[in-house]
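okay, here's the prediction I keep looking at, along with the sequence it came from:
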Amino acid sequence: STISRTYVLINVTATDTNLANITIELYNSTALVNRTVWTSTAGFVNISGLSDNTYYFNASSSDVLSNRNYTQTYVVTVAATSPSVSLLAPANASTVNIPLVWFAANVVDNVNATNATLYVWNSTGNLIGTNVSTLGVVSATANTSLVLPRPDNYKWNYLASDNFGATSWNNSNFTLTTTTYPVTSCGMSLNVSDATYVLVNNVSTTGSCITINNNSITFDGQGYTIDGDGGEGDIGISSAGYNYSIIKNVRLSDFGDYIKFSIVKGSILNGVNLSATSSATGSVNGIYMISSSNLSVTNSTVRDIKAGPDLSVRGVSLSGTSNSTFSNITVNNLEGGDVLQDGGDALGFYLSLSSGNVFSNVNASNNTGHYLSSGDFVLTGSNNNSLSSFSFYSSQYPILLQSASTNIISNGFVNSTGGSAIRFES
């Protein structure tokens with residue numbers, strides 16, 4: 001049995017016409033703790049001052065002729081001292097802007113703290129999750145995480161246990177407020193206006209992944225990767241008709257269209273990194289903007305992407321898009337599909353029927369196509385755009401303008417080993 005006090009009460013009786021004495025002995029795992037002897041037929045002992053431990057006791061009786069009999073050995077565990085729990089982080093009444101939260105507590109026990117279990121409740125008092133930290137020492141820090149499912153006011157605490165089954169909580173719950181929604185898998189629709197969604201782990205899909213379905217949504221990838229299988233028409237992140245989104249700090253690999261905006265205005269991309277681990281099955285667009293305006297794309301890369309047979313790959317592609325800014329963008333190592341008939345082109349930056357856009361500090365190199373319209377910066381029917389502070393390295397046509405007028409190109413570097421540095425076509 002287990003008791004939560006520091007003393008043990010033992011009663012014993014013995015019957016014999018020639019009884020000499022009764023002896024009770026109490027041991028811990030290594031030594032004798034107490035021996036009590038009576039000469040009467042009944043005995044009672046209160047052994048006090050016991051520390052937390054496991055104890056073993058029995059009784060024996062003997063007569064005047066030295067005949068002796070024993071009881072069985074009994075086991076009792078003293079668990080009078082519970083572990084001490086002190087919550088550490090997040091600090092009480094904290095507000096956090098990510099849904100994956102790490103919770104820490106200090107646990108001290110005078111024998112051995114075996115584990116500490118995190119409990120988290122939402123604002124309605126429902127338990128939304130637990131997580132166990134294995135300790136196994138006298139003093140340790142329990143540190144475990146939980147994904148909180150939505151913006152809310154939460155309470156949390158740790159329940160610690162020791163070797164002898166004694167348990168204890170911190171003397172009060174801590175509170176915590178979260179402001180973001182977690183994204184843990186593909187197929188999720190981001191549909192709460194003015195909300196922030198945070199990717200909390202790498203995710204993968206054989207189709208499309210993230211869809212923005214409301215205005216003023218922020219999606220923070222936290223540097224994690226969204227991975228597809230290169231299927232034609234599969235989209236990594238898409239938005240159609242919703243405005244003022246922010247997409248940042250995310251990596252995407254192996255999609256048909258990596259990021260696709262259609263009829264969108266005022267949205268921002270920052271810190272997106274697009275690449276592929278294998279050839280696509282169809283045409284590929286990295287950052288693809290259709291009939292959109294007043295966008296901002298900064299600090300991003302598109303690299304190492306190959307289109308399907310005879311199909312094209314475009315790093316940054318604009319169609320009917322206007323008055324947007326693009327800065328600090330690198331597009332490297334794109335390859336059009338292998339030549340079966342006409343071949344596929346590889347375009348670093350491609351503008352079709354787009355105007356009023358500003359490109360600065362953009363770079364492209366090692367983009368290889370299999371058709372004459374391949375190039376690093378290609379404008380088709382696009383007017384009044386600006387390009388400055390650029391560097392293009394291409395074996396074909398670094399800059400190609402087709403039926404494009406009143407565009408400004410300045411302060412850049414072009415290295416072409418095959419065709420013209422700048423080619424004009426009507």
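On my side now, so go ahead.

residues making contact with the helix or strand of the chain with the lowest mean pLDDT?
None of the helices or strands of the chain scores lower by mean pLDDT, DSSP states H and E than strand 2-3, at a mean of 78. Identification of contacts with strand 2-3 by CB atoms under 8 Å, 6 or more residues apart in numbering yields Val76, Thr77, Val78, Ala79, Ala80, Phe164, Gly165. (C-beta placed from N, C-alpha, C; glycine too.)

which of those residues are buried? Put it as a PyMOL command.
Burial among these is assessed by 16 or more other CB atoms under 10 Å; the matching PyMOL selection reads:
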select buried, resi 76+77+78+79+164
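
any chance of the contacts of strand 2-3 in JSON lines, plus secondary structure and pLDDT?
JSON lines is the format used below for those (DSSP: H, G, I helix; E, B strand; the rest coil; pLDDT from 0 to 100):
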{"residue": "Val76", "secondary structure": "strand", "pLDDT": "91"}
{"residue": "Thr77", "secondary structure": "strand", "pLDDT": "85"}
{"residue": "Val78", "secondary structure": "strand", "pLDDT": "84"}
{"residue": "Ala79", "secondary structure": "coil", "pLDDT": "76"}
{"residue": "Ala80", "secondary structure": "coil", "pLDDT": "72"}
{"residue": "Phe164", "secondary structure": "coil", "pLDDT": "79"}
{"residue": "Gly165", "secondary structure": "coil", "pLDDT": "80"}
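
remind me which residues of this protein are low pLDDT?
338-343, 370-374, 395, 417-419 (pLDDT under 70).

cutoff 50 now
Along the chain, no part satisfies pLDDT under 50.

ok, now which ones touch the residue lying closest to Trp102 once chain neighbours are set aside?
Spatially, and ignoring its direct neighbours in sequence, Trp102 is nearest to Ser145 (4.7 Å; CB to CB, 6 or more residues apart in numbering). For Ser145, the contact set (CB under 8 Å, 6+ apart) comprises Leu100, Val101, Trp102, Phe103, Asn131.

quick one: Ser145 from Gly336, how far?
For Ser145, the distance to Gly336 (CB to CB, to the nearest Å) stands at 44 Å.

sheet-wise, list the partners of the least confident helix or strand of the chain with their directions.
strand 74-78 (parallel) (DSSP bridges).

I'd like the next helix or strand past the strand it pairs with.
Next along the chain after strand 74-78, taking DSSP states H and E as the criterion, comes strand 84-89.

was I right about Ser60 contacting Thr23?
Yes. If you go by CB atoms under 8 Å, Ser60 and Thr23 touch, sitting 5.1 Å apart.

where's Leu274, which helix or strand?
Assigned by DSSP H and E, Leu274 falls in strand 268-275.

sorry, back to before: beyond the least confident helix or strand of the chain, next helix or strand please.
With secondary structure assigned by DSSP H and E, strand 2-3 is succeeded by strand 8-13.

quick one: list the elements packing against that following strand.
For strand 8-13, the packing partners by 3 or more CB pairs under 8 Å, 6 or more residues apart in numbering; DSSP states H and E come out as strand 19-27, strand 42-47, strand 53-63.

can you pull the buried residues of the last one?
Spelled out, that is strand 53-63. Asn53, Tyr55, Phe57, Asn58, Ala59, Ser60, Ser61, Ser62.

tell me the one of the residues you listed nearest Asn366?
Each of those was scored against Asn366 by CB to CB, and Asn53 proved nearest at 71.3 Å.

which residue packs closest to the closest one, ignoring adjacent ones?
Residue nearest to Asn53 in three dimensions, not counting chain neighbours: Asn28, with 5.2 Å by CB to CB, 6+ apart.

hey, where'd the helices end up in this structure?
Counting by DSSP state H, the chain has no helices at all.

out of the contacts of Ser145, who's nearest Asn285?
Leu100 (31.0 Å).

quick one: contacts for the residue lying closest to that closest one once chain neighbours are set aside?
Using CB to CB, 6+ apart and skipping residues adjacent in sequence, the residue nearest Leu100 is Val200, 4.3 Å away. Shown in contact with Val200 (CB under 8 Å, 6+ apart): Ile98, Pro99, Leu100, Val147, Pro182, Val183, Thr184, Gln222, Tyr224.

before I go, just wanted to say thanks for your time.
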